[in-house]
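Asks: Could you work out the structure for the sequence below:
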Amino acid sequence: YEKANIINPPMQDDVVLSVIVPVYNTRKYLRQCLNSVIHQKTAYTMQIILVDDGSSDGSADILKTYQSNKSVTIITQKNQGPSGARNQGLNRAVGQYVMFVDSDDILPLDAVQKMLSKAFEYGADIVGGGSRRFIFNRWCSKRQFKIFQDVVIEQWDIENKMKLTGYLWGKIYNRTLFNDIRLPENLLFEDTLVPMILYPKSGKIVWLAGDVYWYRWHRNEIVQTHKEGNRSIDTFWVVEVLLRERNDLNMIIGSYEYNFLLFQLGPMNSSRLASYDEEIQRAVFTLSSALLQKHQPAKKKLNEQQCRIEQIFLTRDFQGWRDCFR
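Replies: Residues are numbered from 1 along each chain as shown. Here you go, the predicted structure:
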């Protein structure tokens, strides 16, 4: 792992939001995604950054048809993975806020207007909201992360910040949150940056009751990608890397960050590695136990379940770790 290159171009007064879309072999869905971004019903000005991450399926040809749009910037690079593509977009972003959209997903047409208006109304660093999952043109579940009224979370309320969803998409971020940090490259589960660094760094957060994002579900493709080359092991390494980044940023581990580590290193990681050989699982569990012990906070506030998970690590109860996600 190497730190990503950080470039922070000056913000431009005439650009409110920079939308970053990493593109890699999504030709089948690409136009639907890009049209949902470009045709947003909003009074705010947007910079739309399309990063072709070495596509080989004709996606690049589709991107060229959008290059005459003055709000669109197209970047072409060798394949660096989704984090590398998003980081390249961040290095070109000039808006006050940034947003990430995956190139097979869709934005509701009023998403940008709703989120930005709330951001300025409350002076929020992050605004997110509900989402829906779909396959082709069919909704495959009820709305995700549904609430019945808008919620405002104050800067000091780290407890409720850590309860929010950790996905990178479906939110807008004050670009200054990224002034000294980038997504961890060459690792899966890069979204872990959101709860581990962006939420604790942020000021006020607003969460909206309505949908702001629709994401396409590729369950079989996701599972296959994670199995290839034992990539799910990244679920441990991304936490280890982000803890180093937190240290570099002088961010102290408090009780609620520690509770997140218990969840991430315990139930989350044991579930992601459930199909792996026992030797690999034992190795990850041993490393996780040492990592957790190294980052004990001065004060802890644990519920009964968190106490049980902590004891699994402190007593090196490997079988308990294998079963804790159940």
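
Asks: my guess is Thr234 meets Glu185, correct?
Replies: That one is not Thr; residue 234 is Asp. No. Contact criterion Cβ atoms under 8 Å: Asp234 and Glu185 do not qualify, at 11.4 Å. (Glycine included, C-beta is placed from N, CA and C.)

Asks: Give me the common contacts of the two.
Replies: Among the neighbours of Asp234, none is also in contact with Glu185 (Cβ atoms under 8 Å, 6 or more residues apart in numbering).

Asks: The stretch 1-150 of the chain: strands as residue ranges?
Replies: Per DSSP state E, counting those that start in this stretch, the stretch 1-150 of the chain carries strands over the ranges 17-23, 46-53, 72-77, 97-100, 126-135, 138-139.

Asks: Can you check which of the ones you listed gets nearest to Lys299?
Replies: strand 126-135 (26.1 Å; Cβ to Cβ).

Asks: how distant is that closest one from the center of its chain?
Replies: Its chain's C-alpha centre lies 12 Å from the corresponding centre of strand 126-135 when counted by Cα atoms, centre = their mean, to the nearest Å.

Asks: go on, stretch 256-266?
Replies: 17 Å.

Asks: Can you tell me what sits against that stretch?
Replies: So stretch 256-266 is contacted by 158-159, 161-162, 192, 195-196, 200, 235-236, 239, 253, 288, 291-292, 295-297, 300-302, 306, 309-310, 312-313, 321, 324-325 (Cβ under 8 Å, 6+ apart).

Asks: By neighbour count, sort out the buried ones in these.
Replies: Using 16 or more other Cβ atoms under 10 Å as the burial test, those include 158, 161-162, 192, 195-196, 200, 235-236, 239, 253, 288, 291-292, 295, 306, 309-310, 312-313, 321, 324 as buried.

Asks: Tell me which of those fall in helices.
Replies: With helices taken from DSSP state H, the overlap with the buried ones among the contacts of stretch 256-266 comprises 158, 161, 200, 235-236, 239, 288, 291-292, 306, 309-310, 312-313, 321.

Asks: Next, work out how far apart the closest residue to Ile153 other than its chain neighbours and Asp150 are.
Replies: The shortest distance from Ile153 to any non-neighbouring residue, by Cβ to Cβ, 6 or more residues apart in numbering, is to Ile205 (4.4 Å). According to Cβ to Cβ, to the nearest Å, Ile205 and Asp150 sit 11 Å apart.

Asks: which one's the longest strand in the chain?
Replies: strand 205-216 (DSSP state E).

Asks: quick check: mean pLDDT across it?
Replies: The predicted model assigns strand 205-216 a mean pLDDT of 93.

Asks: Could I get the pLDDT score of Phe134?
Replies: For Phe134, the predicted pLDDT is 84.

Asks: Please list all residues in contact with it.
Replies: Neighbours of Phe134 in contact, by Cβ under 8 Å, 6+ apart: Cys140, Trp214, Tyr215, Arg216, Trp217.

Asks: Next: Pro82.
Replies: Pro22, Tyr24, Asp53, Asp102, Glu190.

Asks: most surrounded residue in those?
Replies: Pro22 (25 neighbours; other Cβ atoms under 10 Å).
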